[in-house]
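>>> requesting a structural model of the entry that follows:
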Amino acid sequence: MESRVLFSSQFKFPVKTRETSIAPFTPPRNVLSFSFPSHAGRFVMRIGPLVKAVSFATKIVAEVDGSRDESRRKKLAVFVSGGGSNFRKIHEGCSDGSVNGDVVLLVTNKKDCGGAEYARNNGIPVLVFPKAKREPSDGLSSSELVDVLRKYGVDFVLLAGYLKLIPVELVQAFPKRILNIHPALLPAFGGKGLYGIRVHKAVLESGARYSGPTIHFVDEEYDTGRILAQSAVRVIANDTPEELAKRVLHEEHKLYVEVVAAICEERIKWREDGVPLIQSKENPDEYY
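Residues are numbered from 1 along each chain as shown. Okay, here's the model as predicted:
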């Protein structure tokens, strides 16, 4: 069973009390409800998955930049460390018109990885970051990377299996414009050292009944930025980490393209309490 999560919320305590009206609805029987404690001192609620977007009476802060042309194709920089299957799906989405954007740069810490090879074969420039310790001339510094991204006019940075911590300079240069995808339902099973197959092993060892990808904004730490979208994948009895990873990756490919399409269409809106929501394309009055 695979399912979309309707929305997520994160709150830093204390939270100012405020009435929030939500349009009434009757959830289906298989709606999931998760509540995870977080080491970061946050509470996360997820409600899903088969209900369409719910209209929120909570004030939405659009933060529109009048100088930006929302209809133009956005310029994307993708960061990878391995085969880059999510990068390939995003590139395919740009090519077939699903995404109103173009991948203009590929950044990697492994110049010979599969993602870098795919980029070169498709005419996408490849940059190495950070500088290699053994070959300091082969790579960019943090300030050089920011300069190059700006020169290319990059609108959004997408991390797709990039295993290095993003430098503070980049986070500050692209506020609310850097996304990462993680192969588990954050804030559980995240943080430094939890990546790849390690994540799926941790999920199975915990006894969790559901896993799935999380897409979140990037801050200065590993996997602690605001959650934007998630998709739930049922953990099957006697699952192996490899089997679970395969099903989660299938969901990653779909979810990341959907979210990238939304950011390229300027459909990410920020609630006044700092929670990002995706505006429905079909009904602009609805958010999820």
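
>>> now residue 147: which helix or strand?
Secondary structure assigned from DSSP states H and E places residue 147 in helix 142-151.

>>> walk me through which strands the following helix or strand past that helix pairs with, and which way each runs.
The C-terminal neighbour of helix 142-151 among helices and strands, as given by DSSP H and E, is strand 156-159. Note on strand 156-159: by DSSP bridges, its sheet partners are strand 74-80 (parallel), strand 178-182 (parallel).

>>> for those strands, which one sits closest to residue 103?
For residue 103, the closest of the strands paired with strand 156-159 is strand 74-80, at 5.0 Å, according to Cβ to Cβ. C-betas here are computed from N, CA, C, even on glycine.

>>> helix or strand next in line after that closest one, which one?
Along the chain past strand 74-80, the next helix or strand (assigned with DSSP H and E) turns out to be helix 85-96.

>>> same for that next one, what does it pack against?
Packing partners of helix 85-96 (3 or more Cβ pairs under 8 Å, 6 or more residues apart in numbering; DSSP states H and E): strand 74-80, strand 101-108, helix 114-121, helix 241-264.

>>> so which of the ones you listed is nearest residue 141?
strand 101-108 (13.0 Å).

>>> now do the buried residues in that closest one.
Of all the residues in strand 101-108, those buried under the rule 16 or more other Cβ atoms under 10 Å are 101, 103, 104, 105, 106, 107, 108.

>>> now swap in stretch 277-288 and tell me
Using 16+ other Cβ under 10 Å as the test for burial, stretch 277-288 gives 277, 278, 279, 280, 286, 287, 288.

>>> which residues touch the nearest residue to residue 244 once chain neighbours are set aside?
The shortest distance from residue 244 to any non-neighbouring residue, by Cβ to Cβ, 6 or more residues apart in numbering, is to residue 200 (4.7 Å). The contact partners of residue 200, by Cβ atoms under 8 Å, 6 or more residues apart in numbering, come to 183, 184, 211, 241, 242, 244, 245, 248.

>>> do that again at 7 Å, thanks
The contact partners of residue 200, taken as Cβ atoms under 7 Å, 6 or more residues apart in numbering, are 183, 241, 244, 245.

>>> what's around the third one, how many residues?
Okay, so that is residue 244. If you count neighbours by other Cβ atoms under 10 Å, residue 244 ends up with 24.

>>> tell me who's in contact with it.
So residue 244 contacts 200, 203, 204, 211, 235 (Cβ under 7 Å, 6+ apart).

>>> ok so, going back, of the strands paired with strand 156-159, which is nearest residue 134?
strand 74-80 (20.6 Å).

>>> list the contacts of the closest one.
Applying Cβ under 7 Å, 6+ apart, the contact partners of strand 74-80 are 87, 90, 100-108, 113, 115, 149, 152-162, 264.

>>> for residue 134, give me the pLDDT.
Turning to residue 134, the model gives it a pLDDT of 75.

>>> in stretch 84-100, what counts as buried?
For stretch 84-100, by 16+ other Cβ under 10 Å, it's 84-91, 93-94, 98-100.

>>> quick check: residue 254 vs residue 181, distance?
As for residue 254, its distance to residue 181 is 11 Å (criterion: Cβ to Cβ, to the nearest Å).

>>> the two - which one has more neighbours?
With neighbours defined as other Cβ under 10 Å, residue 254 and residue 181 compare such that residue 181 has more, 20 against 14.

>>> give me the pLDDT for that one.
At residue 181, the model reports a pLDDT of 98.

>>> ditto for residue 212
So, for residue 212, pLDDT stands at 98.

>>> farthest pair in the contacts of residue 200?
183 and 241, at 10.6 Å, using Cβ to Cβ across the contacts of residue 200.

>>> tell me which of those two has more neighbours.
Under the criterion of other Cβ under 10 Å, the comparison of residue 183 against residue 241 puts residue 183 first, with 27 against 17.

>>> got a list of what that one touches?
199, 200, 213, 245, 248, 252.

>>> ok, now with 6 Å
Residues in contact with residue 183 (Cβ atoms under 6 Å, 6 or more residues apart in numbering) are 199, 213, 248.
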